[in-house]
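Visitor: What follows is a predicted structure for the sequence shown.
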Amino acid sequence: MKKILIAIIVIIVLLLASTIVSPILIIAEDADEGTPGIDMAATVGLGGFNWIYPGSSYNANGETLHNIHLIDPENPYGAARDIMEYTYHVSPHIIVSINNDAAEAIFGVNIVDDIRANDAYNGYAGSENVAGTMSRGDAVGTAMANDGMNVFEIPLQLLLGNIRFHFA
């Protein structure tokens, strides 16, 4: 048990130390769309926490962060890093992907519905038909705050593979 605790502390220290060099990119992957897509992202680093909207994040060819699995199926996280470099001039070396199962386990089964209820789908045609009034980042932040967080699910979701670390 002592070795596990030391390993967890070492991992946390290494993750925090890596933010000195570059921010960590956290992406919410949705595999329920057929081809997996990125629904939301955020960077965490010395500059703080910043929401990243995948549809507004693109590479030199205009390909978006939302479609990294289509851009480069063999190395989607390398494509994500390239997009972050092109759009935001940051080079994340650690990318943390979280799928819907992990999000629901950590924030509750209604997290996706709560986000969609507040999200105005800014930037999408037909957004006037959507009841939400918030940007995607605000909708995610509000849902996470309102639904609460079960931190004890994080290690379990890591073990289940629902939260994964990718090194770019």
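Guide: Yes, it's here. Numbers count the residues shown, from 1 in each chain.

Visitor: What are the contacting residues of the lowest-mean-pLDDT helix or strand in the chain?
Guide: Ranked by mean pLDDT, DSSP states H and E, the weakest helix or strand in the chain is helix 111-118, scoring a mean of 75. With CB atoms under 8 Å, 6 or more residues apart in numbering as the test, helix 111-118 has contacts from 100, 103-104, 131-134, 136, 138-140, 142-144, 146-147. No exception for glycine: its C-beta is placed from N, CA and C like everyone else's.

Visitor: same question, stretch 14-30
Guide: 36-47, 50, 52, 54, 65, 80-81, 84, 90-100, 103, 140.

Visitor: Apply 6 Å and report the result again.
Guide: 36-46, 90-100 (CB atoms under 6 Å, 6 or more residues apart in numbering).

Visitor: Past the least confident helix or strand of the chain, which element shows up next along the chain?
Guide: helix 136-147 (DSSP states H and E).

Visitor: Can you tell me which helices and strands the helix or strand just after that next one packs against?
Guide: Following helix 136-147 in sequence order, the next helix or strand is helix 153-160 (DSSP H and E). Here helix 153-160 touches helix 100-107, going by 3 or more CB pairs under 6 Å, 6 or more residues apart in numbering; DSSP states H and E.

Visitor: quick one: the helix it packs on to helix 111-118, angle?
Guide: If you take axes from the mean of the first three to the mean of the last three CA atoms, to 10 degrees, helix 100-107 sits at 90 degrees to helix 111-118.

Visitor: Output the lengthiest helix in the chain in PDB with nothing but the alpha carbons.
Guide: In the chain, assigned by DSSP state H, the helix with the most residues is helix 2-21. Extracted C-alpha coordinates of helix 2-21, given in PDB (Å, rounded to 0.1, in the frame of the first residue of the first chain):
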ATOM      1  CA  LYS A   2       2.900   2.300   0.800                       C
ATOM      2  CA  LYS A   3       4.500   1.700  -2.600                       C
ATOM      3  CA  ILE A   4       1.200   2.500  -4.400                       C
ATOM      4  CA  LEU A   5       0.900   5.800  -2.500                       C
ATOM      5  CA  ILE A   6       4.400   6.700  -3.300                       C
ATOM      6  CA  ALA A   7       3.800   5.900  -7.000                       C
ATOM      7  CA  ILE A   8       0.700   8.100  -7.000                       C
ATOM      8  CA  ILE A   9       2.600  11.000  -5.500                       C
ATOM      9  CA  VAL A  10       5.500  10.600  -8.000                       C
ATOM     10  CA  ILE A  11       3.000  10.600 -10.900                       C
ATOM     11  CA  ILE A  12       1.300  13.800  -9.600                       C
ATOM     12  CA  VAL A  13       4.600  15.500  -9.100                       C
ATOM     13  CA  LEU A  14       5.700  14.600 -12.600                       C
ATOM     14  CA  LEU A  15       2.400  15.800 -14.100                       C
ATOM     15  CA  LEU A  16       2.700  19.100 -12.200                       C
ATOM     16  CA  ALA A  17       6.400  19.500 -13.200                       C
ATOM     17  CA  SER A  18       5.500  18.900 -16.800                       C
ATOM     18  CA  THR A  19       3.200  21.900 -16.800                       C
ATOM     19  CA  ILE A  20       6.400  24.100 -16.400                       C
ATOM     20  CA  VAL A  21       7.400  23.100 -19.900                       C
END
